[in-house]
Structure formats: structure tokens, C-alpha cells
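**Q** model this:
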Amino acid sequence: MDIQQILNGCQWFQWDQGNDLKSWLKHHVSKSEAEQVFFNEPLLLVVDQGHSHQEARFRGLGYTDERRFLFIVFTIREDFVRIISVRDMNKKEKVDYEKFKAGA
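**A** This next block holds a predicted model:
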């Protein structure tokens, strides 16, 4: 499954009101910050095998325009990127992302 190709077919973002509020209250990540990650390269994308029971879920590591490094969980519904969760990367994720960037 080519995740990048799937993303290229998406037209917009979709937010669940509860997830939007949770991301802000718990992690202080705004919708616009989370969405920026999809436009900044490189973006590391993998299938979230552990949570893809009902629908395919994906995990992404990337950064915002202000160089904030974020971890995002999302799904694709029709032609929308539906963000499920977003937070700052932890130390291991930052190391993995830096290795990915070095090889990209």
C-alpha cells in the first residue's frame, strides 16, 4: 500500500470535535499545526498494524512550519485525511525520524 499515493488523492482534513479538543487540551497542538506536518518534507508514514481492525490507520512523523516535531495518527475516509491523534514526538521517535531524514 503506497500511503503517499493515497494522501495525494485527499482533498482536505477532517477533524472529530472530541479529538480536536483532546489534542489541544492534552498536547497543546492546534489543528493548523497538525495539518502542516503533511506539507513539510520529509514525512515518515507507516501503516498502524495494531489499530487497523475496522479501517486502515496510519502513523506519521514530521514537523510543523515552526519546526515542532509531531507524531500523528490518522485514517483516510473518502478523500479526507481524518486526524485521530497528534502529539509531540518522544525521544525514540525523534531518533527514528532523524535516521529517516538522513536516508531520505
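**Q** Helices of this structure, start to end?
**A** 3-8, 17-27, 31-36, 91-103 (DSSP state H).
**Q** buried residues in the second one?
**A** Right, helix 17-27. 19-20, 22-23, 27 (16 or more other CB atoms under 10 Å). In short, each C-beta sits where N, CA and C put it, glycine included.
**Q** quick one: which of those is nearest residue 74?
**A** residue 19 (10.0 Å; CB to CB).
**Q** Can you tell me the closest non-neighbouring residue to the closest one?
**A** With CB to CB, 6 or more residues apart in numbering as the criterion, residue 19 has its nearest non-adjacent residue at 5.9 Å, and that residue is residue 84.
**Q** ditto for residue 90
**A** Using CB to CB, 6+ apart, the closest residue to residue 90 is residue 71 (7.4 Å).
**Q** Next up, the contacts around the residue nearest to residue 43 when sequence neighbours are not counted.
**A** With CB to CB, 6+ apart as the criterion, residue 43 has its nearest non-adjacent residue at 4.3 Å, and that residue is residue 62. By CB atoms under 8 Å, 6 or more residues apart in numbering, residue 62 lies in contact with 37-38, 40, 42-44, 69-70, 72, 97.
**Q** Can you tell me how far residue 98 is from residue 80?
**A** Residue 98 sits 30 Å away from residue 80, going by CB to CB, to the nearest Å.
**Q** So which of those two has more stuff around it?
**A** residue 80 (15 against 12; other CB atoms under 10 Å).
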